[in-house]
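*Asks:* Next come a sequence and a model predicted from it.
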Protein chains: 2
Amino acid sequence: MTRLYHVPLSPFCRKVRLTLAEKKVEVELVEERYWEQAPEFMRRNPAGKIPILRHDGKVMSESQAICEYLDETIAEPKLMPRDAAGRYEVRRLCAWFDDKFHEEVTSKLVYERVNKKVMKLGYPDSKNVKSGSTRIKYHLDYMAWLLEQRRWLAGNEMTLADFAAAAHLSALDYISDVDWNRSQTVKDWYAKIKSRPSFRSLLADQVPGFPPPAHYADLDF
Amino acid sequence: MTRLYHVPLSPFCRKVRLTLAEKKVEVELVEERYWEQAPEFMRRNPAGKIPILRHDGKVMSESQAICEYLDETIAEPKLMPRDAAGRYEVRRLCAWFDDKFHEEVTSKLVYERVNKKVMKLGYPDSKNVKSGSTRIKYHLDYMAWLLEQRRWLAGNEMTLADFAAAAHLSALDYISDVDWNRSQTVKDWYAKIKSRPSFRSLLADQVPGFPPPAHYADLDF
């Protein structure tokens, strides 16, 4: 049985969940309060991080390494392009979202507003929240610029880059931090990916103390 | 002509330099004071980061995406294993060093001691330096544990994981922050990789105001 140790709003876990669902791998989700660093969890995972995937008799960490492994070992649907230049672009964009976007936006909004409360680390830092709210605009504009040249973020096929981006944006959308009126192009892209069956599990997430807004699970948002 | 915009002690740039040198790609190195954010550099690179590689008519960013592209497009020597499980392990370890090790060690020592001065950001924060000096011990022990089971970090062949690790350790060694007496296994591994011709360019680096210690370029350290 495949099992994923995760937290609902973690973008890295969401990217893995989308990949597993697209590949039609049945998975048992186990919520892992990793910040409490239970000894049993630390034994499974010396990096002390989520996601952790038990699959194929392995215990795997690092979301990008996990997703590429799933893509290489499960044939359909292909989530990486066939050519080296295409794969470069997917990896560049995954790093863009998981590194730069995460640092500038997700950590400044989701972590400040949700994780801090859940982890009992105090109140959101308003300077961080303001900075995240400003930076997300530039990122949405960059996505719009890419999507005006391509059907999907990294090219004309859906790839891991779309899942990386949608993982972050969906976590932000759960706390109403995405202005979908900023770009019709980005909204159309998100509507397309949000309506996939692989997205359903994300749309059913509930974080105690943080009810999602009505539009979060609405395909016609 | 292949050109790399870099800073000498950046571990991400060093990983790309090692990969280029192993693949025998001749490269022109251009030092890029990216923190001054010259408009010309920002046009080349909206992420505002280094390394940036001009190669194959492309302008490329994100060190891991660059290194995998070089490995996929230049046949010899192969720096990624042929099997999916092997590639997973390489990618996991590259992320380990470029993410966790970077956050806990490199950013706490190289950035505090060197970058802050070069970028005129003030004096090293002694709390960070102390934390980095403590954390590096656990990482060296983890490397020793891996290397007691394998000839190289990710398996029995040299891979990008070794370059990722050596890129960080060599930058730390430039400022004498690696205790090579902690593990003979790790020292032997570093001696092996340090003596490769691809390492020569790194050993010749000079950062104004920070002369390297004598052992830095010594193959018999």
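*Replies:* Nice, thanks for sending it over. Predicted model, so just to flag it, every value in this text is computed and none were measured. Residues are numbered from 1 along each chain as shown, chains lettered A, B, ... in the order given.

*Asks:* centroid residue for chain A?
*Replies:* Nearest to the geometric centre of chain A sits residue A:167, at 2.1 Å (Cα atoms, centre = their mean).

*Asks:* which residues touch it?
*Replies:* A:11-12, A:14-15, A:18, A:97 (Cβ atoms under 8 Å, 6 or more residues apart in numbering or on different chains). Using the backbone N, CA and C atoms, a C-beta is placed for each residue, glycine as well.

*Asks:* 7 Å - rerun?
*Replies:* A:11, A:14-15, A:18 (Cβ atoms under 7 Å, 6 or more residues apart in numbering or on different chains).

*Asks:* pLDDT at it, what is it?
*Replies:* Predicted confidence (pLDDT) for residue A:167: 98.

*Asks:* gap between it and residue A:7?
*Replies:* Residue A:167 sits 12 Å away from residue A:7, going by Cβ to Cβ, to the nearest Å.

*Asks:* For the lengthiest helix in chain A, give me every contacting residue.
*Replies:* When chain A is parsed with DSSP state H, its longest helix is helix A:126-147. Under the criterion Cβ under 7 Å, 6+ apart, residues A:101, A:104-105, A:108-109, A:112, A:153, A:165, A:177, A:182-183, A:185-186, A:189, B:46 lie in contact with helix A:126-147.

*Asks:* which SS state does the residue nearest to residue A:215 when sequence neighbours are not counted fall under?
*Replies:* Nearest non-adjacent residue to residue A:215, counting by Cβ to Cβ, 6 or more residues apart in numbering or on different chains: residue A:221, 4.3 Å away. Using DSSP: H, G, I helix; E, B strand; the rest coil, the secondary structure recorded for residue A:221 is coil.

*Asks:* Look at residue A:221 and say how many residues are nearby.
*Replies:* 15 (other Cβ atoms under 10 Å in any protein chain shown).

*Asks:* Kindly reformat the contacts of residue A:167 as CSV containing pLDDT and neighbour count.
*Replies:* As requested, these are exported to CSV (pLDDT from 0 to 100; neighbours: other Cβ atoms under 10 Å in any protein chain shown):
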residue, pLDDT, neighbour count
A:11, 98, 25
A:14, 98, 27
A:15, 98, 26
A:18, 98, 25
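
*Asks:* where do the strands sit along chain A?
*Replies:* Counting by DSSP state E, chain A has strands at residues A:2-6, A:27-31, A:52-55, A:58-61.

*Asks:* in the last one, what's buried?
*Replies:* Counting neighbours by 16 or more other Cβ atoms under 10 Å in any protein chain shown, one finds that the buried residues in strand A:58-61 are A:60-61.

*Asks:* helices or strands up against it?
*Replies:* strand A:52-55 (3 or more Cβ pairs under 7 Å, 6 or more residues apart in numbering or on different chains; DSSP states H and E).

*Asks:* for the closest residue to residue A:78 other than its chain neighbours, what are its contacts?
*Replies:* Nearest residue to residue A:78, sequence neighbours excluded (Cβ to Cβ, 6+ apart): residue A:71, at 6.9 Å. Residue A:71 sits next to A:78-80, A:160 when contact means Cβ under 7 Å, 6+ apart.

*Asks:* ok, 10 Å please
*Replies:* Listed by Cβ atoms under 10 Å, 6 or more residues apart in numbering or on different chains, the contact set of residue A:71 reads A:19, A:22-23, A:77-80, A:90, A:159-160, B:84.

*Asks:* How confident was the prediction at it?
*Replies:* So, for residue A:71, pLDDT stands at 98.

*Asks:* Likewise for residue A:116?
*Replies:* pLDDT at residue A:116 comes out at 89.

*Asks:* Look at it and say how many residues are nearby.
*Replies:* Count around residue A:116 with other Cβ under 10 Å applied: 16.

*Asks:* try the one 4 residues further on
*Replies:* The burial metric for residue A:120, expressed as a neighbour count using other Cβ under 10 Å, is 7.

*Asks:* hang on, it packs against residue A:209?
*Replies:* No - judged on Cβ atoms under 10 Å, residue A:120 makes no contact with residue A:209 at a distance of 11.7 Å.

*Asks:* any idea how far residue A:5 is from residue A:170?
*Replies:* 19 Å.

*Asks:* Sorry, wrong one. I was asking about residue A:194.
*Replies:* 8 Å.

*Asks:* shared neighbours of these two, which are they?
*Replies:* A:202-203, A:216.

*Asks:* Out of those, which is nearest to chain B?
*Replies:* Nearest to chain B among the shared contacts of residue A:194 and residue A:170 is residue A:202, at 22.9 Å by Cβ to the nearest Cβ.

*Asks:* Now do the contacts for residue A:27.
*Replies:* A:1-4, A:6, A:16-17, A:20-21, A:53-55, A:201.

*Asks:* By mean pLDDT, which helix or strand of chain A comes out lowest?
*Replies:* helix A:39-44 (a mean of 63; mean pLDDT, DSSP states H and E).

*Asks:* Top of the contacts of residue A:71 by number of neighbours, please.
*Replies:* residue A:160 (28 neighbours).

*Asks:* phi, psi of the closest residue to residue A:95 other than its chain neighbours?
*Replies:* Distances taken as Cβ to Cβ, 6+ apart put residue B:62 closest to residue A:95, at 4.2 Å, once the chain neighbours are dropped. With angles defined as degrees, to the nearest 10, residue B:62 sits at phi 70, psi 110.

*Asks:* Check what pLDDT residue B:62 gets.
*Replies:* So, for residue B:62, pLDDT stands at 96.

*Asks:* My guess is it contacts residue B:49. True?
*Replies:* Yes - using Cβ under 10 Å, residue B:62 makes contact with residue B:49 at a distance of 8.1 Å.

*Asks:* Could you pull out the residues contacting both of the two?
*Replies:* The contact sets of residue B:62 and residue B:49 overlap at A:95-96, A:99-100, B:12 (Cβ under 10 Å, 6+ apart).

*Asks:* out of the residues you listed, who's nearest residue A:34?
*Replies:* residue A:99 (19.8 Å; Cβ to Cβ).

*Asks:* And for that closest one, the neighbour number?
*Replies:* Count around residue A:99 with other Cβ under 10 Å applied: 16.

*Asks:* Excluding chain neighbours, what is closest to it?
*Replies:* Among residues not flanking residue A:99 along the chain, residue B:62 sits closest, at 7.9 Å (Cβ to Cβ, 6+ apart).

*Asks:* Show me which residues of chain A are close to chain B?
*Replies:* With the criterion set to Cβ under 10 Å from any Cβ of the partner chain, chain A comes near chain B through A:46-49, A:56, A:58, A:60-74, A:83-85, A:87-96, A:98-100, A:138, A:142, A:145.

*Asks:* swap the cut-off to 8 Å and go again
*Replies:* Neighbours of chain B within chain A, by Cβ under 8 Å from any Cβ of the partner chain: A:46-47, A:49, A:58, A:60-62, A:64-66, A:68-69, A:72-73, A:84-85, A:87-88, A:91-92, A:95-96, A:99-100, A:142.

*Asks:* Much appreciated, bye for now.
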